[in-house]
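Colleague: the amino acid sequence is not available; the structure is as follows:
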C-alpha cells in the first residue's frame with residue numbers, strides 16, 4: 001500500500017532530511033523493536049525479496065517503511081497480530097538497488113506523528129539514522145525446500161520395534177514390559193525399516209533417530225565410537241538399508257548426536273586415562289586432578305535422590321557398578337563427604353560416564369567436524385539434530401554448518417536448545433530448533449488449560465514473531481520427546497487435549513514433530529516411562545481415533561502449499577474460538593481452534609469469493625464480505641480454504 005503522503009528530501013544536495021508528515025512530529029517515549037541483524041525482523045529470501053517486521057507498542061495505529069533506493073517509497077506495513085504488549089507489523093518487499101537505505105514513520109492511535117530511526121524516536125531522520133542494506137554482503141538464511149510443511153517422526157530405536165531376534169540382548173526384558181533405565185527390550189533399526197510404510201501413512205516425510213552410535217546404554221548419548229552404528233541396533237549395513245528404503249519413499253533421515261560429551265571408552269579418553277598428562281589428547285578434555293579417576297563414596301548411596309534416578313538407590317548402584325567396570329577408569333574410594341561419585345575431569349552435569357569434550361581445542365574440533373561430515377558423505381543422511389547445543393563453544397557451530405553444507409547442500413541442522421534460540425538461528429549456524437516454547441504453549445492451553453483463549457492467541461502471535469519464517473519453518477514443533485513427559489501424560493484427565501495440540505502442529509508454521517507412539521495414545525511419564533516399547537501386538541490398546549486424526553491432519557499439512565509457505569495472521573479470538581489465517585498469495589486457510597468443542601456460529605470478515613471446508617464438519621455461507629460458519633460438529637478444529 002502506497003500512502004498519499006509525498007516523501008522528499010528537503011536538502012537535496014546533501015540528502016540530509018526526510019519529510020513525510022505534513023506538520024509536527026511527536027517525541028514521546030514509544031516502544032519500537034527492530035534489529036536489521038536479527039532475521040526475525042529482517043530476512044532476505046531466496047527470490048531476492050525481504051521479509052521485514054517491526055514490533056510496536058499497542059498505541060501505534062499505522063507504520064510506514066520509508067525506502068530510499070531508485071525512488072523514495074513510503075510503504076505501509078500490515079499488522080498481522082496484536083497482544084496487550086505489542087502490535088506486530090510486516091511487509092514483503094523488493095529493494096531496487098544493491099545498497100538501499102530505509103527508516104520508519106508511524107502514527108499513534110491519537111493521531112500523533114512519529115519518526116523512528118537507528119537512534120530511536122526522532123524529530124527527523126538524518127543520514128546517520130538510516131538502516132543500510134547491502135544485498136551483496138548480507139547473509140541469507142536459506143533452508144532446504146523439503147523442510148517447509150514437514151512432518152517428522154522421532155524414533156527411540158531401542159524401543160520402537162524388534163526386527164532382528166539374532167541381535168536381541170540375551171537379558172532383554174519382555175517387549176511390552178515396563179521400561180527401566182538400564183534394561184534393554186531389543187528394538188533395532190531393522191524394526192524401523194519394517195515399519196516404514198506405517199510411518200509414511202502418518203504423512204511423515206522425515207524420520208529423526210535418537211543416537212545409534214556404538215554404546216552400551218539404551219539411549220546412546222554416551223557413544224564409544226561416533227563412526228560406527230551399534231551392532232545391537234543392526235550395525236552399519238542395517239542403517240544403510242534403512243536410508244535406501246526411506247529415500248525410495250521420499251522420506252528424509254536425520255541423526256541425533258552429542259558432540260559435547262563421549263563415553264570414557266572413547267579412544268582419546270582411554271589414552272588420557274593410560275598416559276595422563278603425557279597424552280596427546282590431554283587438551284581434548286578438562287582434567288581437574290591427575291591421575292584421571294573417579295572418587296567414589298559408597299557410604300552415601302542414601303543420597304541418590306540428589307542425583308535424580310527417582311531416589312532409586314539400587315538402580316543407581318547398578319549403574320555405577322556397570323560404569324566402573326566398562327570405563328576402565330580407576331576408582332578411588334573415600335569415606336568423606338561429597339558427591340556419591342566425583343569425576344576428576346569435567347563431565348556433562350557431573351554424569352561420570354559422559355566426559356565433556358573441549359571443542360576449543362583444534363584436535364577435538366577436527367574430530368567433531370569429521371563426525372559431522374562422515375555420516376553425510378558415507379550414509380547420505382539428510383540432517384543433524386545436535387544434542388545440548390547450547391553447551392558447546394558458540395563459534396564451533398559456524399564450522400559445523402560449513403562442513404555439513406559442503407558435504408550436502410540441502411541438509412537441515414536442528415539444535416536442542418530450550419527457550420529462545422534466536423542467536424543460533426541467524427542463518428550461519430542452525431536452521432531450526434526443538435521448539436520447546438511451542439510445546440509449553442500447547443501444554444498450557446490444551447493439557448492443563450492454565451491459559452484461556454486470549455492468552456493462547458497472544459502466545460501464538462509471540463511464537464510466530466520469535467524467529468524468521470525460515471527458522472520457524474525448520475523448528476521441530478514437538479509435543480513429546482524422550483526427555484519430557486509424554487503430552488498425553490501431561491493432559492491427565494483432559495485426554496482430549498492432545499487432539500487440539502495435534503491440530504496446531506498441523507496448521508502452525510514449522511515441522512510437526514511426532515514422538516513415536518504419541519499417535520496411538522502412549523502416555524508415559526518421565527524417563528524411563530516416556531521410552532516404553534511400541535505395543536505392536538496390542539492394537540486393542542491403541543487410540544484409533546487419535547491415530548486417524550493425526551494421519552488425516554498430517555497428510556493435509558505435508559501436501560498443502562498454504563501450510564508449507566503461508567504466512568501467519570491472527571484473526572480473532574473470543575470465549576469460544578481462536579482463529580488464525582495462513583495466507584499464500586491470493587489463497588488462504590482459516591484455522592479455527594475449538595478446544596472445548598463449541599458449536600456456536602462464527603462470523604468472520606473475508607475478501608474471498610469462494611470458501612470450502614478442508615477439514616472439519618460445518619456449513620459455510622458468504623454474504624456481503626462476511627463468512628458465516630454454522631452447523632459445527634464437535635470438531636477440535638476447522639480448516640477452511642478462502643479463494
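Modeller: Noted; the coordinates are in hand. As the structure is a prediction and not an experimental result, all values here were calculated from the model.

Colleague: quick check: buried residues in stretch 70-78?
Modeller: For stretch 70-78, the buried set under the neighbour-count rule, 16 or more other C-beta atoms under 10 Å, comprises 73, 74, 75, 77. Glycine gets a C-beta too; all of them are placed from N, C-alpha and C.

Colleague: do the same with stretch 173-190
Modeller: Counting neighbours by 16+ other C-beta under 10 Å, one finds that the buried residues in stretch 173-190 are 173, 175, 179-181, 183-190.

Colleague: residue 479: which of those residues is nearest?
Modeller: Nearest to residue 479 among the buried residues of stretch 173-190, counting by C-beta to C-beta, is residue 179 at 19.6 Å.

Colleague: OK, contacts around the residue nearest to that closest one when sequence neighbours are not counted?
Modeller: In space, and not counting its chain neighbours, residue 179 is closest to residue 528: 4.4 Å by C-beta to C-beta, 6 or more residues apart in numbering. Taking C-beta atoms under 8 Å, 6 or more residues apart in numbering, we find residue 528 in contact with 179, 180, 181.

Colleague: mind redoing it with 10 Å?
Modeller: When contacts are counted by C-beta atoms under 10 Å, 6 or more residues apart in numbering, residue 528 touches 159, 178, 179, 180, 181, 182, 183, 218, 219, 310, 315, 482.

Colleague: please apply the same query to residue 520.
Modeller: 534, 535, 536, 538, 539, 541, 542, 543, 544, 546, 547, 550.

Colleague: who's in contact with the closest residue to residue 584 other than its chain neighbours?
Modeller: For residue 584, the nearest residue in space outside its immediate sequence neighbours is residue 566; the separation is 4.0 Å by C-beta to C-beta, 6+ apart. By C-beta under 10 Å, 6+ apart, the residues touching residue 566 are 148-149, 469, 507, 509, 560, 581-585, 587-589.

Colleague: export these to TSV and tack on distance to residue 300?
Modeller: Compiled in TSV, these are given as follows (distance: C-beta to C-beta, whole Å):
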residue	distance to residue 300
148	53
149	52
469	52
507	51
509	50
560	58
581	59
582	56
583	60
584	61
585	65
587	65
588	62
589	59
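
Colleague: quick check, nearest of the residues you listed to residue 36?
Modeller: Within the set of those, residue 469 lies nearest residue 36; the separation is 16.4 Å, counting by C-beta to C-beta.

Colleague: who's in contact with the spatially closest residue to that closest one that is not a sequence neighbour?
Modeller: With C-beta to C-beta, 6+ apart as the criterion, residue 469 has its nearest non-adjacent residue at 6.0 Å, and that residue is residue 51. Under the criterion of C-beta under 10 Å, 6+ apart, the contact partners of residue 51 comprise 39-45, 90-93, 468-470, 567.

Colleague: which among the buried residues of stretch 70-78 gets closest to residue 642?
Modeller: Distances from residue 642 to those, taken as C-beta to C-beta, are shortest for residue 77 (21.9 Å).

Colleague: thought that closest one was touching residue 65?
Modeller: Yes: shown here, residue 77 and residue 65 form a contact pair, counting by C-beta atoms under 10 Å, at 6.2 Å.

Colleague: any shared contact partners between those two?
Modeller: In terms of C-beta under 10 Å, 6+ apart, residue 77 and residue 65 are both contacted by the residues 52, 54, 89, 91, 93, 104.

Colleague: got a list of what the fifth one touches?
Modeller: Taking C-beta under 10 Å, 6+ apart as the definition of contact, the neighbours of residue 93 are 49, 50, 51, 52, 65, 67, 73, 75, 77, 100, 102.

Colleague: list the strands paired with the helix or strand where the fifth one lies, with their directions.
Modeller: Read it as residue 65. Element membership of residue 65 [criterion: DSSP states H and E] is strand 60-68. The partner list of strand 60-68 in its sheet, established with DSSP bridges, is strand 72-76 (antiparallel), strand 99-108 (antiparallel).

Colleague: residues of it that come out buried?
Modeller: Of the residues in strand 60-68, those buried (16+ other C-beta under 10 Å) are 60, 62, 63, 64, 65, 66, 67, 68.

Colleague: on that earlier part again, residue 304: which of the buried residues of stretch 70-78 is nearest?
Modeller: Residue 304 has its nearest neighbour among those in residue 77, at 57.1 Å by C-beta to C-beta.
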